[in-house]
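**Q** Could you work out the structure for the sequence below:
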Amino acid sequence: MPQPEVRPAQPSVALGVPAAVAMAIADWLVGAPGDGAQEIALKVRAKRGSGLLVDLAGYVAGRIGQPADLDELASLAARQLDDRDLADLAQVTNALSERRRLAAAEAMVEAGWSVEANRRQPLTMTYGLTLVTAQRAPEAVEPLKISTVEKPDDATAWFNLALAYVFLCDYDQAWPAFRKALGLSPRNPRIMASWGLALLTAGLPELAWPLYEGRMALGDQRKRHDQPTPMWHGAPYPGETLFVYGEQGFGDFIQFARYLPAVKELGGQLVVGCRKPLIPLLSRMDCVDAVVAFDPGGPTPKHDQRVPVMSLAQYVDPRLERAGMDKPYLGAPPHKGLPRAGKTPRIGLAWGCSPTGSGAAFKRVPTPLLAPLIETGAAARWFSLQFEADVNAELSDVPFGDTISQKLSGAMKDFGDAAANLTAMDLIITTDTATAHLAGAMGLPAWVLLQRYADWRWGANGDTMPWYPSLRLFRLEEVGAWQPLIATVSKALEAWLQEWRPPRRKQ
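**A** Sure, this is the predicted structure:
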């Protein structure tokens, strides 16, 4: 689905020396090192004289315009490292992780971890956290347990350990670690929000919602929630205007839009604020009086109370007893998309979210691995449902690329277009994208290919989920093991094609 434009940030020594070096490395890895890499190298050399950071900065600055090579980078990081180098390496690794350069972060910290065991202390917590971020939770637990021994009063150490246990669904160990972390850092918004999501995953929503409200104090969210009007807490609001505004991703809004009718029943005017691509879709909901474009920190419509969309469940369905759908709550605009009936089955495919999206590294099937699926479905017509031009461009690199039509994706401008395209499909196959949420909210048949450690809403196991009854879930058994999962989906597709019959035309 459409995403805001993301441009590589220019390195700046004002970030701090390790972070500046990490920024230069991150930009080089995506082929856009910018003009700052040379400057960073010179300033680091002047400040540090010698050592790992000097070598890393000089290495990247000397390779502007050349292909990135993680093996060379890791080899450089594995040279003789003193204690200051190890501390610097930890900071560079953390900065790379924050910039979603997970492969580089793994390569760097693995290289540093190769030092003698008695010298690893500066890297222990970073090593464990990097493994968690890379969805290697089973390997992360031991170093993270060690970090809590090394730093028993460090809330971050306990928090990271709690996250590792959540990945493993070991809640008996996760809750005490969360409790310890929050005790050491009371009201810490990141700890609160993460614990809330973990409780949702574990099926304990009533305990989860108050903690999940902590997300509104996070640095990247505060601007969105910093408004002068009072927050709505679920009470009736007759004669008033309630402003429900978006947060986080498109899929999050689509998922929680199911509660808008129940919210409307409690009061007067219901105004929804969201990013522009959602407006044509949400405007079709009868319960909504107005839908306006809303951006963090931007102007808001006149209203009496406000509430972020992901807080609605807390007030109208705290136990998630109404999360399941009795009927679809979103629909497509009329007279759009392809005619529905056809003698050949149509399959819509979305094999990954935006490369810049959260968790993109784990939500995208490498395009070449789709070959068995496309071959199994040779009797069908395939359509790309990707908004992103760079993702669609991957089709030019695979032999079956011409089999997947980009006719629809190239014309999609918003979620109204997307909804119309979905209704023209007989089956939708997607990874964890907004397309999955949209298909589910419309009650359309879709198969969702989930990463090994899926987002909280998908649960930890099973091939169905209460939020969207029309979806069938396929789960990775190991991180990155897409080939066996594609084989499973291909087998299911073979059976589906044998049973498929053309839809009857409406009289």
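
**Q** Tell me if I'm right that G324 and S470 touch.
**A** No - using Cβ atoms under 8 Å, G324 makes no contact with S470, being 11.4 Å away. Quick note: C-beta positions are derived from backbone N, CA and C, even for glycine.

**Q** More neighbours: the two, which one.
**A** Per other Cβ atoms under 10 Å, whichever of G324 and S470 has more neighbours is S470, with 16 against 12.

**Q** Near R504, how many other residues are there?
**A** By other Cβ under 10 Å, 7 other residues sit near R504.

**Q** Now L52. Its backbone dihedrals?
**A** Main-chain dihedrals, L52, degrees, to the nearest 10: phi -60, psi -50.

**Q** That one - nearest residue in space that isn't next to it in sequence?
**A** With Cβ to Cβ, 6 or more residues apart in numbering as the criterion, L52 has its nearest non-adjacent residue at 4.0 Å, and that residue is D85.

**Q** Would you enumerate the residues in contact with E106?
**A** T130, A134 (Cβ atoms under 8 Å, 6 or more residues apart in numbering).

**Q** quick one, phi psi at the residue nearest to L52?
**A** phi -60, psi -40.

**Q** That one reaches D55, doesn't it?
**A** No - taking contacts as Cβ under 8 Å, D85 lies outside contact range of D55: 9.2 Å.

**Q** Give me the domain ranges for this structure.
**A** Split into domains by automatic domain parsing, the chain comes to 8-119, 133-221, 227-316, 346-499.

**Q** just for this protein, where's the confidence low?
**A** Confidence mapping of the chain against pLDDT under 70 gives the ranges 1-16, 30-36, 64, 220, 335-337, 339-341, 354-358, 390-391, 505-507.

**Q** Which among the domains of the chain is found nearest to L330?
**A** The closest of these to L330 is domain 346-499. By Cβ to Cβ, the value is 4.2 Å.

**Q** Quick one, which of the domains of the chain gets closest to M125.
**A** With Cβ to Cβ as the measure, domain 133-221 is the member of the domains of the chain nearest M125 (4.0 Å).

**Q** I'd like the next helix or strand past the host helix or strand of L281.
**A** L281 is part of helix 279-282 when elements are defined by DSSP states H and E. Per DSSP H and E, helix 279-282 leads on to strand 290-293 as the next helix or strand towards the C-terminus.

**Q** immediately after that following strand, which helix or strand?
**A** Sequence-wise, the next helix or strand downstream of strand 290-293 (DSSP H and E) is strand 305-308.

**Q** okay, the helix or strand following that next one in CSV with CA atoms only?
**A** Tracing the chain past strand 305-308, the next element assigned as helix or strand by DSSP H and E is helix 312-316. Extracted in CSV, the C-alpha atoms of helix 312-316 (Å, rounded to 0.1, in the frame of the first residue of the first chain):
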residue,chain,number,x,y,z
LEU,A,312,-11.5,2.3,20.4
ALA,A,313,-11.5,-1.4,21.4
GLN,A,314,-10.6,-0.5,24.9
TYR,A,315,-13.8,1.5,25.4
VAL,A,316,-16.4,-0.4,23.3
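
**Q** residues in contact with helix 312-316?
**A** With contacts defined as Cβ under 8 Å, 6+ apart, helix 312-316 is touched by 205, 209-210, 212-213, 232-234, 244, 256, 259-260, 262-263, 266, 307, 320, 322-323.

**Q** Selecting buried members of the residues you listed in PyMOL, what would you type?
**A** Per 16 or more other Cβ atoms under 10 Å, the buried members of the contacts of helix 312-316 correspond to this PyMOL selection:
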select buried, resi 205+209+212+213+232+244+256+259+260+263+266+307+320+323
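
**Q** Can you list which of the contacts of helix 312-316 are found in strands?
**A** V244, V307 (DSSP state E).

**Q** isn't A22 right next to A95, touching?
**A** Yes - using Cβ under 8 Å, A22 is in contact with A95, at 3.3 Å.

**Q** neighbour count winner among the two?
**A** Using other Cβ under 10 Å, the more surrounded residue of A22 and A95 is A22, with 29 against 21.

**Q** Pull the contacting residues for the more buried one.
**A** Counting by Cβ under 8 Å, 6+ apart, A22 makes contact with Q91, V92, T93, N94, A95, L96, R99.

**Q** How about the secondary structure of the fifth one?
**A** When the structure is reduced to helix, strand and coil (DSSP: H, G, I helix; E, B strand; the rest coil), A95 reads as helix.

**Q** will you turn the domains of the chain into TSV that also has distance to G331?
**A** Shown next, in TSV, are these (distance: least, Cβ to Cβ, whole Å):
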stretch	distance to G331
domain 8-119	35
domain 133-221	27
domain 227-316	6
domain 346-499	6
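
**Q** The ones you listed: which one's closest to P328?
**A** Nearest of these to P328, taken as Cβ to Cβ: domain 346-499 at 3.6 Å.

**Q** what about the closest one, distance to the chain center?
**A** In terms of Cα atoms, centre = their mean, to the nearest Å, the centre of domain 346-499 is set 15 Å apart from its chain centre.

**Q** just checking, Y468 touches A441?
**A** Yes - if you go by Cβ under 8 Å, Y468 and A441 touch, sitting 7.0 Å apart.

**Q** what's the overlap in contacts for these two?
**A** Any residue near both Y468 and A441 by Cβ under 8 Å, 6+ apart counts here, and that gives M325.

**Q** Which of these two has more residues huddled nearby?
**A** Applying other Cβ under 10 Å to Y468 and A441 shows that Y468 carries more neighbours, namely 29 against 24.

**Q** hang on, isn't S283 packed against V292?
**A** No - in this structure, S283 is not within contact of V292 by Cβ under 8 Å, at 10.0 Å.

**Q** how about the helices in the stretch 301-450 of the chain?
**A** Ranges of helices in the stretch 301-450 of the chain, per DSSP state H, counting those that start in this stretch, are 312-316, 360-363, 371-376, 389-392, 415-423, 434-441.

**Q** For the stretch 51-200 of the chain, just list every one of the strands.
**A** Assigned by DSSP state E, counting those that start in this stretch, the stretch 51-200 of the chain shows no strands.

**Q** Give me the contacts around stretch 252-261.
**A** 244, 246-247, 270, 272, 274, 278, 281-282, 285-288, 309-310, 312-313, 316-317, 322-323, 325, 329-330, 415, 434, 437-438, 441, 457, 467.

**Q** same thing with stretch 477-495?
**A** 134-136, 362, 365-366, 369-370, 372-373, 375-377, 427, 429, 447, 449, 451-453, 472, 474-476.

**Q** Buried subset of those as a PyMOL selection?
**A** Here is the PyMOL command that selects the buried residues among the contacts of stretch 477-495 (16+ other Cβ under 10 Å):
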select buried, resi 134+135+136+362+365+370+373+376+377+427+429+447+449+451+452+453+472+474+475+476
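
**Q** quick one: contacts for the nearest residue to P368 once chain neighbours are set aside?
**A** Spatial nearest neighbour of P368, excluding adjacent residues (Cβ to Cβ, 6+ apart): V398 at 5.4 Å. The contact partners of V398, taken as Cβ under 8 Å, 6+ apart, are T367, P368, L370, A371.
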